[in-house]
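Chemist: sequence and predicted structure, then a few things I'm wondering about:
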Amino acid sequence: QVQLAESGGGSVQPGGSLRLSCAASGSISNLYAIGWFRQAPGKEREGVSCMSSSDGSTYYADSVKGRFTISRDNGKNTVYMQMNSLKPEDTAVYYCVTDCGWAADVGIHIGFGSWGQGTQVTVSS
């Protein structure tokens, strides 16, 4: 399985921005899809964004639509997530994942894909 390494997390004030990066050990263009999950303290993991490799379709959790943007650079085997207008409820560990998908009844989900080690994002005044 491909290895994933996230970076770019940190602490910001509400309304601020961060850009997360996910460097893959292999070609991301060969993957079915790649995206981001997050887990806040005491909460279940939540699918945040997912991008299909076949047609570039993107999917977002309702809670981040209009604020977060996923993108990729196949030449660098890297996926990014630009996070704007951050809110305290965005505080979580963010994980890069492969084999994500989207379904109307469950939103963003993941199959037997790979997970990165996670990067902490803290939004606080």
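Modeler: That came in fine, so what should we check first?
Chemist: neighbours around V48, how many?
Modeler: Neighbour count for V48, taken as other CB atoms under 10 Å: 27. No exception for glycine: its C-beta is placed from N, CA and C like everyone else's.
Chemist: from what I can see it touches I108, true?
Modeler: Yes - at 6.9 Å, V48 counts as touching I108 under the criterion of CB atoms under 8 Å.
Chemist: identify the contacts common to those two.
Modeler: Jointly contacting V48 and I108 under the rule CB atoms under 8 Å, 6 or more residues apart in numbering are G35, F37, Y60, A61.
Chemist: of these, which pair is most distant in space?
Modeler: Across these, no pair lies farther apart than F37 and Y60, at 12.3 Å, counting by CB to CB.
Chemist: I34 against I108, yeah?
Modeler: No - applying CB under 8 Å, one finds I34 not in contact with I108, separated by 11.8 Å.
Chemist: who has more neighbours out of those two?
Modeler: Remark: of I34 and I108, I34 carries more neighbours, 28 against 21, as counted by other CB under 10 Å.
Chemist: following the chain past the helix or strand encompassing that one, name the next helix or strand.
Modeler: Element membership of I34, judged by DSSP states H and E, is strand 33-39. As assigned by DSSP H and E, the chain's next helix or strand after strand 33-39 is strand 46-52.
Chemist: what packs against that following strand?
Modeler: Applying 3 or more CB pairs under 8 Å, 6 or more residues apart in numbering; DSSP states H and E, we find strand 46-52 packed against strand 33-39, strand 58-60, strand 68-73, strand 78-83, strand 100-103, strand 107-110.
Chemist: mind redoing it with 6 Å?
Modeler: strand 33-39, strand 58-60, strand 68-73, strand 107-110 (3 or more CB pairs under 6 Å, 6 or more residues apart in numbering; DSSP states H and E).
Chemist: which one of the shared contacts of V48 and I108 has the most neighbours?
Modeler: G35 (28 neighbours).
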